[in-house]
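# Below are the sequence and a predicted model for it; my questions follow.
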Amino acid sequence: MNKIIALVALIAVLGIVNASIIGKENHLAEGQVVYLELAPVDPRSLMQGDYMALNFRVAQQVYEALPKSEEYRGWNRNAEAGDGYVVVTLDEKKIGTFQRLDNSTPLADNETRLRYRVRNGEVKFATNAFFFQEGHAQAYEAARYGQFRVAEDGELLLAAMFNETLERIQPANQE
């Protein structure tokens, strides 16, 4: 009897995991393309091992627009924690620029909502790191934009990194 329960539980878990994977794959294939500019970072900390720490200019602008607690003292990034939406304006290249925090007003044709999260005083969009194959760090030093796929509910998935002319960074295979 215990073996049957364990087998049913395993099948249920695998079903849930596979459904999640299929959902993310559909999100990547069908989501609206939006490019977010990377914020300047200390070049010494840009590459750390086999990943790149990410920060986006829009995230900094969202942070500045968020209400701060009374204890806020400048460097103590103490924005009120929580999740929310920001409205970005998309140019002809689909580069998103901060417009406003979402206030539920209808969007213009060139606007879209993006979901953000505030964790530990930092505004996050989907991820704060981009992982790549060992030995490819030099290729990603040219990264200036992250390409996101945005679902109808504003949820983002990071799809790829792009340079300043919006060319996808695809390192040559090094063997």
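Alright, I've got the coordinates. Since we're looking at a predicted model, the values are computed, not measured.
# looking at it, residue 154 is touching residue 111, isn't it?
No. Using Cβ atoms under 8 Å, residue 154 is not in contact with residue 111; the gap is 11.6 Å. C-betas here are computed from N, CA, C, even on glycine.
# Give the bridge partners for residue 115, please.
residue 85 (DSSP bridges).
# What segments of this protein are strands?
In the chain, the segments counted as strands under DSSP state E are 32-37, 47-48, 51-53, 82-90, 96-101, 111-119, 122-124, 129-131, 145-150, 156-162.
# Tell me what angle the fifth one forms with strand 32-37.
Interaxial angle, strand 96-101 versus strand 32-37 (axes from the mean of the first three to the mean of the last three Cα atoms, to 10 degrees): 100 degrees.
# Output strand 96-101 as CSV, nothing but the C-alphas.
Written as CSV, here are the backbone C-alpha positions of strand 96-101 (Å, rounded to 0.1, in the frame of the first residue of the first chain):
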residue,chain,number,x,y,z
GLY,A,96,11.0,49.8,-22.3
THR,A,97,11.4,53.1,-20.4
PHE,A,98,9.9,54.0,-17.1
GLN,A,99,6.6,55.8,-17.4
ARG,A,100,4.9,55.4,-14.0
LEU,A,101,4.0,53.0,-11.2
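# Quick one: find the helix or strand in this structure with the lowest mean pLDDT.
helix 43-46 (a mean of 46; mean pLDDT, DSSP states H and E).
# Contacts only, for residue 90.
By Cβ atoms under 8 Å, 6 or more residues apart in numbering, the residues touching residue 90 are 34, 96, 110-112.
# Could you tell me the least trusted of the strands of the chain?
Mean pLDDT values for these show the minimum at strand 47-48, a mean of 52.
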